[in-house]
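S.K.: Next come a sequence and a model predicted from it.
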Amino acid sequence: MPIKKLKSIQVKTHKKIKVNIKYIIYIAAISMLAISSYLFFKKEDGTYRDFISDRLIKKQAVKEKPERVSIKPVEKARLELLSFEGRDTVRVIIEKMEPEIEYRFQWSINGKVIENYSKDSISGFKEGDTVGVTITPFLKEKQGEPRFLSLTIHTTVPKVLGITEPKINNDIMVFKILTDDDTKTGLMYSLIECPKGMTIDSKTGEITWNIKDTPSGRYEGKALIKNQKGAEVLYPFIINLS
């Protein structure tokens, strides 16, 4: 009898051990999953937080580039140096623009890219600078083939600052056109439109006007200022005679 009881006890103990091993494996798996979720989880902004090394892992290291499609580079385009009211501007001239195409411009001066600027014209350069622009066509955010244009600024127009306060002595009014001649080259002055009796010194820009018998009123004139390289600017001025 004692032998049979012993076998019975051994069988029951063996079954109990099997149950305990399965239970332990199940609990261990759940625990590991919970720990992994805590130590490394995905955030809402698309990054991952690794608590072991305390760092963020980005989902995408670089921004996706626009899809490039077979859009031809812009044709019949050029850069022109324009001057208005003494300010120099380089502008992109595109003779034939496709209505469904959007053209984007990336400017540079002497190879240095101008960030966050995409207009079709630029200023802020000086004589001797090389202005460049990359023109890229886009069709519904799909990028086409870019084209690069450049222009070296051989000369800039004279900068007119204004005129001096007119002074009158013995019915002769005298005033002078003020310029900022950065290039230190000689300037030539001439009057394109002016009241009767008004003359200008072609080298100094000093204007004299015989106002004897001239009625009071508002008088307008235009002076042309040109440098030795041929760049010129037309400067309008107004004189109030009382």
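M.R.: Received the coordinates, thanks. As the structure is a computational prediction, the values presented were derived from the model and not from experiment.
S.K.: Contact partners for the residue lying closest to residue 225 once chain neighbours are set aside?
M.R.: In this structure, residue 225 finds its nearest non-sequential neighbour in residue 158, 4.7 Å apart by Cβ to Cβ, 6 or more residues apart in numbering. Backbone N, C-alpha and C define where each C-beta goes, glycine included. Residues in contact with residue 158 (Cβ atoms under 8 Å, 6 or more residues apart in numbering) are 86, 179-181, 187, 225-227, 231-233.
S.K.: again, only this time at 6 Å
M.R.: With contact set as Cβ atoms under 6 Å, 6 or more residues apart in numbering, residue 158 has these partners: 179, 187, 225, 227, 233.
S.K.: Poorly predicted segments of the protein, please.
M.R.: 1-26, 29, 31-69, 85-86, 181-185 (pLDDT under 70).
S.K.: buried set for stretch 194-213?
M.R.: Using 16 or more other Cβ atoms under 10 Å as the test for burial, stretch 194-213 gives 194-195, 198, 200, 205, 207, 209, 211.
S.K.: tell me the two of these that are most distant?
M.R.: Spatial extent of the buried residues of stretch 194-213 (Cβ to Cβ) is set by the pair 205 and 211 at 19.3 Å.
S.K.: Could you take the contacts of residue 158 and lay them out as CSV, with extra columns for distance to residue 173 and neighbour count?
M.R.: Shown next, in CSV, are the contacts of residue 158 (distance: Cβ to Cβ, whole Å; neighbours: other Cβ atoms under 10 Å):
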residue, distance to residue 173, neighbour count
179, 20, 19
187, 22, 19
225, 20, 22
227, 27, 20
233, 23, 22
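S.K.: And these, which is closest to residue 169?
M.R.: Residue 169 lies nearest to residue 179 out of the contacts of residue 158, by Cβ to Cβ, at 24.1 Å.
S.K.: For the strand or helix carrying that closest one, buried residues please.
M.R.: According to DSSP states H and E, residue 179 maps onto strand 172-180. Under the neighbour-count criterion of 16+ other Cβ under 10 Å, strand 172-180 has 173, 175-177, 179 buried.
S.K.: Need the contact partners of the very next helix or strand once past it.
M.R.: Using DSSP H and E, the helix or strand that follows strand 172-180 towards the C-terminus is strand 187-193. Contacts to strand 187-193, defined as Cβ under 6 Å, 6+ apart, come from residues 158, 181, 200, 202, 205, 221-227.
S.K.: and if we set it to 10 Å?
M.R.: Under the criterion Cβ atoms under 10 Å, 6 or more residues apart in numbering, residues 158, 176-177, 179, 181, 198-207, 220-228, 232-236 lie in contact with strand 187-193.
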